[in-house]
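> From the sequence below, what's the structure:
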Amino acid sequence: MTETSPFTFDQAPSDRRSAVRAPFRKARRSRERVRLLGQTVDLVRPEEVLHHVETWVDARRKVVIANHNLNSLALLERHPDLNRFYERADLVEVDSTPLIYFAKLLGLHGKAFHRCTYLDWRDHFWSLVDRKGWRVMYVGGEQSVVERARDRLSTCYPRADIRVRDGFFDPTPGSGDNAAVVEQVRAFDPHILFVGMGMPRQELWILNNLDALPDCAVFSVGAAFDYEAGAQKAAPRWMGRMGVEWLFRLVNDPKRLARRYLIEPWSLSHLIVADVIGAMRGGGGAVAAREPARR
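As a prediction, the model looks like this:
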């Protein structure tokens, strides 16, 4: 089978530092941390995410970068333990254009460029990793797939030190498998730890093992390395900005995603109604931003 990928790995990417960049805010403001559908999220641009991550990594802080979309919000109804993960997160990206539109409808500080996920900042991220010589570890996926992703990325970003480990192990706290994975992470001592085992497994694994992990920036990133390896086809980024990326994914994988995109969102109806009523009554949605806990 021919591999398909929207990204080109034949040659190293050009140096992003020579390109003209849009200005972005380097300090967080309270109105950019808001409540949507009962959860706290951060309205940040991709550039802002990486600015904060670089600052935290340079200080060797242990931080968690999470993301919310309609799927994660629906999962909270069935997996209440996920609340503790999101409460611990230092930054919560909004991986959903419909959520951004909803925030704007409520009168919150939501802009199209606040839609933010791995595929939106991947080029900037790997350029930064290459320049800084960071160690990056990915836990999740099939071994052959994540190794292929590592090899492709290493070719484009030779100064990036990348380690991968598949996600096929017993994640139960206290199990031998889990202890071995945690020890692998500790031995490598990454600056960045990507956990890509799908929701809610990846979030619960981070939550259950966070205290044992080294000081680093921990991301829940789903199938990020599947995209890098060409095992999954990513939607064009314009579709994400237009809010129709879900349709692209549904057409390409209807059996797995039909329930997620066509049925699950209806379970959020009561939260949508509550937010609309709150906005009509003049209830504010902004909450104070908090700085990451020092560890």
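
> Show me which positions of stretch 234-253 end up buried.
234-235, 239-240, 243, 245-246, 249-250 (16 or more other Cβ atoms under 10 Å). Placement of C-beta: from N, CA and C, glycine included.

> any idea of the pLDDT on the nearest residue to D189 once chain neighbours are set aside?
Nearest non-adjacent residue to D189, counting by Cβ to Cβ, 6 or more residues apart in numbering: P214, 5.0 Å away. P214 carries a pLDDT value of 98.

> List of residues touching the one helix or strand V182 maps to?
Using DSSP states H and E, V182 sits within helix 176-188. The contact list for helix 176-188, computed with Cβ atoms under 8 Å, 6 or more residues apart in numbering, reads 135, 137, 139, 163, 165, 169-172, 193, 209, 212-214.

> which residues does A89 contact?
Contacts of A89 by Cβ under 8 Å, 6+ apart are 64-66.

> Report the separation between it and R281.
Here the criterion is Cβ to Cβ, to the nearest Å. By it, A89 lies 28 Å from R281.

> the strands in the stretch 101-250 of the chain, which residues?
For the stretch 101-250 of the chain, the strands defined by DSSP state E, counting those that start in this stretch cover 135-139, 161-165, 192-195, 217-220.

> ok, which stretches of this protein are helices?
46-58, 70-78, 82-88, 97-105, 118-132, 143-156, 176-188, 201-209, 224-229, 237-242, 245-252, 254-262, 269-280 (DSSP state H).

> which residues touch D253?
Going by Cβ under 8 Å, 6+ apart, the list of residues near D253 is empty.

> Look up how far H124 lies from it.
27 Å.

> Give the full set of residues in contact with the residue nearest to D189.
Contacts of P214 (Cβ under 8 Å, 6+ apart): 62, 185-186, 189-190.

> again, only this time at 7 Å
Residues in contact with P214 (Cβ atoms under 7 Å, 6 or more residues apart in numbering) are 185-186, 189.

> now it: how far from E142?
25 Å.

> likewise V41?
31 Å.

> before we move on, what about F188?
Taking Cβ to Cβ, one finds F188 at 20 Å from E142.

> Kindly report the same for G222.
G222 is 14 Å from E142, by Cβ to Cβ.

> Need the pLDDT of D211.
At D211, pLDDT is 97.

> how deep is it tucked in, by neighbour count?
8 (other Cβ atoms under 10 Å).

> for stretch 210-229, which positions count as buried?
In stretch 210-229, counting by 16+ other Cβ under 10 Å, buried: 213-229.

> tell me the contacts of the spatially most central residue of the chain?
Most central in the chain under Cα atoms, centre = their mean is V221, positioned 4.3 Å from the mean C-alpha point. With Cβ under 7 Å, 6+ apart as the criterion, the residues that contact V221 are 118, 194-196.

> Roughly how far does it sit from P190?
Taking Cβ to Cβ, one finds V221 at 13 Å from P190.

> and what of L36?
31 Å.
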